[in-house]
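[1] output the structure for:
(chains A, B, C and D)
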2 protein chains.
Amino acid sequence: MEEEAGPAPAGLPAGLAFLLVQIGFQAGRQFGERLSPLGLEQRQAGMLIRLAVSEGESQQAIADLLGLTATRMVFLVDELEALGLVERRRNPADRRSHALYLTTAGRRMLARVRAVVSEHEAELAAGLTSGERDQLVTLLRRIAQAQGLTAQGLPGMPPAAAAGPPAGCPGPSAAGS
Amino acid sequence: MEEEAGPAPAGLPAGLAFLLVQIGFQAGRQFGERLSPLGLEQRQAGMLIRLAVSEGESQQAIADLLGLTATRMVFLVDELEALGLVERRRNPADRRSHALYLTTAGRRMLARVRAVVSEHEAELAAGLTSGERDQLVTLLRRIAQAQGLTAQGLPGMPPAAAAGPPAGCPGPSAAGS
DNA sequence: CTCAGATAGTTTCATAAGAAGACTATCTTA
DNA sequence: TAAGATAGTCTTCTTATGAAACTATCTGAG
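    As a prediction, this is how the structure comes out:
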């Protein structure tokens, strides 16, 4: 079980892309774990954070911001509302739309989520000096920009559930039984 | 951690974690896209790369190496076999096990996969000087080690998938709205 | 030899995320 | 008021997995 620990097997790329995917996936997973004691999923936590900034906007406005489909947005808001963290309010000026607001419980939860985020950030950066951390963030920002990732809802990834673990799936080509 | 629970309106948490998750996800997705012209999924490509090094080992040995469940391993090998890229060979000494081998087509495909990996690496690093790139890789390696990630997974094949990834992990950093 | 238990691999079943499209309510405008 | 656009919701399908059951094979004790 240890026959491939030491000598990087020829051919196993330990490159930048590999590291980014692995670490990104792991970071996401750990964040989810840290969040579970709060009874929240990442998607829900993300929404709370977003709402802290975009409170009062319509569901659609926020869905656009995050790149979520309307269907997904409804589902997410349903969840958060069931948890008593957010509230849908009919916009008196246009009753077709529902503006979203955090409830008091929502704000409390948001504070806890932020604490978890801080904790997670700290853990990831543990082992780096603050200078290294800043340098890393700077470099990652450059990459993010080069890749067209804006700092809000990403172009097409937000709902992104599947972070990287692609798995067996009926391939584009032939797939057997 | 200055970005604590303060109701920082436009100030969402800084975001090393956010950047890592977003970029990692994006990188994985792009890799998948680059791979699709070959008719492969990331996991399949990852398996080919792994087999290039561990050829002849049993399915289980390789599944353990990659952190795959037996179920998924079977499915993945079924796909690769259907594509004619790998071959299951009964071990004459122990007919319960199936040793895996790359076929000739598999080796050809592997070469193409490697080309895609290189291409992808280059694209991600575009915009960085080679010095910056090395620095970035160094820092990421430190994080990977600190997080207990050994370089055994494969590009696009996180060790052990777990919970749902980020949803609208809106993040940290400047909120767009 | 043959039965019991361990192993490698496979199959079946259940679950969850997500997308698409249909449907309802409401606004706008002519 | 009717036609068309919008916001939100609901229904349904597909895909991705993991868990557990099942088959075949090997190993070891009587």
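[2] taking chain A, what residue is nearest to chain B?
    Distances between chain A and chain B by C-beta to the nearest C-beta are smallest at A:G24, namely 1.4 Å. Glycine gets a C-beta too; all of them are placed from N, C-alpha and C.
[3] and for that residue, nearest residue in space, chain neighbours not counted?
    The spatially closest residue to A:G24, leaving aside those adjacent along the chain, is B:G24, at 1.4 Å (C-beta to C-beta, 6 or more residues apart in numbering or on different chains).
[4] can you check A:R112 too?
    Closest to A:R112 by C-beta to C-beta, 6+ apart is A:L38, at 5.5 Å.
[5] same check on A:R133?
    A:A125 (4.6 Å).
[6] still on that earlier bit, who's in contact with the residue of chain A closest to chain B?
    A:G24 sits next to A:A163, A:G164, B:L20, B:V21, B:Q22, B:I23, B:G24, B:F25, B:A27, B:G28 when contact means C-beta atoms under 8 Å, 6 or more residues apart in numbering or on different chains.
[7] do the same with A:G39
    Taking C-beta under 8 Å, 6+ apart as the definition, contacts of A:G39 comprise A:L83.
[8] where is the longest strand in chain A?
    Ranked by residue count and defined by DSSP state E, the top strand of chain A is strand A:94-102.
[9] is that one positioned near chain B?
    No: contact of strand A:94-102 with chain B is not found when judged by C-beta under 8 Å from any C-beta of the partner chain; the minimum separation is 10.4 Å.
[10] angle of the very next helix or strand once past that strand against strand A:94-102?
    The C-terminal neighbour of strand A:94-102 among helices and strands, as given by DSSP states H and E, is helix A:104-125. With axes from the mean of the first three to the mean of the last three C-alpha atoms, to 10 degrees defining the directions, helix A:104-125 sits at 60 degrees from strand A:94-102.
[11] point out the other helices and strands that helix A:104-125 packs with.
    Counting contacts by 3 or more C-beta pairs under 8 Å, 6 or more residues apart in numbering or on different chains; DSSP states H and E, helix A:104-125 is packed against helix A:16-35, helix A:42-54, helix B:16-35.
[12] Throw the ones you listed into JSON lines and include mean pLDDT, thanks.
    Compiled in JSON lines, these are given as follows (pLDDT from 0 to 100):
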{"stretch": "helix A:16-35", "mean pLDDT": "88"}
{"stretch": "helix A:42-54", "mean pLDDT": "91"}
{"stretch": "helix B:16-35", "mean pLDDT": "88"}
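[13] quick one, what contacts A:R95?
    Counting by C-beta under 8 Å, 6+ apart, there are no residues that A:R95 touches.
[14] so which of the contacts of A:G24 wins on neighbours?
    Neighbour count (other C-beta atoms under 10 Å in any protein chain shown) singles out B:Q22 as the most crowded of these, with 31 neighbours.
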